[in-house]
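**Student:** From the sequence below, what's the structure:
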Amino acid sequence: MIEAEHAEEEGEIAHEERRARVRSLRAGEAQAIRRMSELLADIVEIYRTDYVVSLRELDSLAHPAEARLVPAAHRQSWRGECVPLVNPAFGDLENALSRLLAVMCDPGGAGYRETKNPEAARSDYGRVLPSLTPDLRSTLRSPVLSVLAASRSRPGRAAR
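**Tutor:** This next block holds a predicted model:
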């Protein structure tokens, strides 16, 4: 009888310790989500105020109001000089994030970072994007991320 009570007591203690650990891990998860969303808010602002403004200014330089007063050869030269560095340019924020992640992580192994392989996937016409971004391919292939990806497919998980 005493052994059974002792085992039950230990079980209760283990249960409470587990619940405390779950609360702690969920608090860590919430903090990570807050931090990621704050960084994403910064990215949205950079996209809106730096990237889009740069593209608009390039376009205005390529097609200035006084262009009709300039010889056609000069106008053509202006257009060529004002092509965005990463071409095609990001169409919108979602496209920017998607392409950046594809080039940085190359999750499907398409070869976006393989600038010398003509058969590799291209991130942009001049293959400039890989030189502007960090290589995170080994991070993506982390066992931790694989476990997380597998856990997403378990029944009871929210649909994406």
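
**Student:** which SSE is the most centrally placed residue in the chain in?
**Tutor:** Closest residue to the average C-alpha location of the chain: Leu101 at 4.1 Å, with CA atoms, centre = their mean. Assigned by DSSP states H and E, Leu101 falls within helix 93-105.

**Student:** And the contacts of that helix?
**Tutor:** For helix 93-105, contacts defined as CB atoms under 8 Å, 6 or more residues apart in numbering pick out 43-44, 47, 51, 90, 107, 110, 112-113, 123, 129-130, 133-137, 139-140. (Each C-beta comes from the backbone N, C-alpha and C, glycine too.)

**Student:** Sort out for me which of those residues are in helices.
**Tutor:** If you go by DSSP state H, those have Ile43, Val44, Leu129, Pro130, Arg137, Thr139, Leu140 in helices.

**Student:** and Glu17, what element?
**Tutor:** Using DSSP H and E, Glu17 falls in helix 2-46.

**Student:** so what does that helix touch, helix or strand wise?
**Tutor:** Here helix 2-46 touches no other helix or strand, going by 3 or more CB pairs under 8 Å, 6 or more residues apart in numbering; DSSP states H and E.

**Student:** what mean pLDDT does that helix have?
**Tutor:** Average pLDDT, helix 2-46: 93.

**Student:** and the angle from that helix to helix 93-105?
**Tutor:** Interaxial angle, helix 2-46 versus helix 93-105 (axes from the mean of the first three to the mean of the last three CA atoms, to 10 degrees): 110 degrees.
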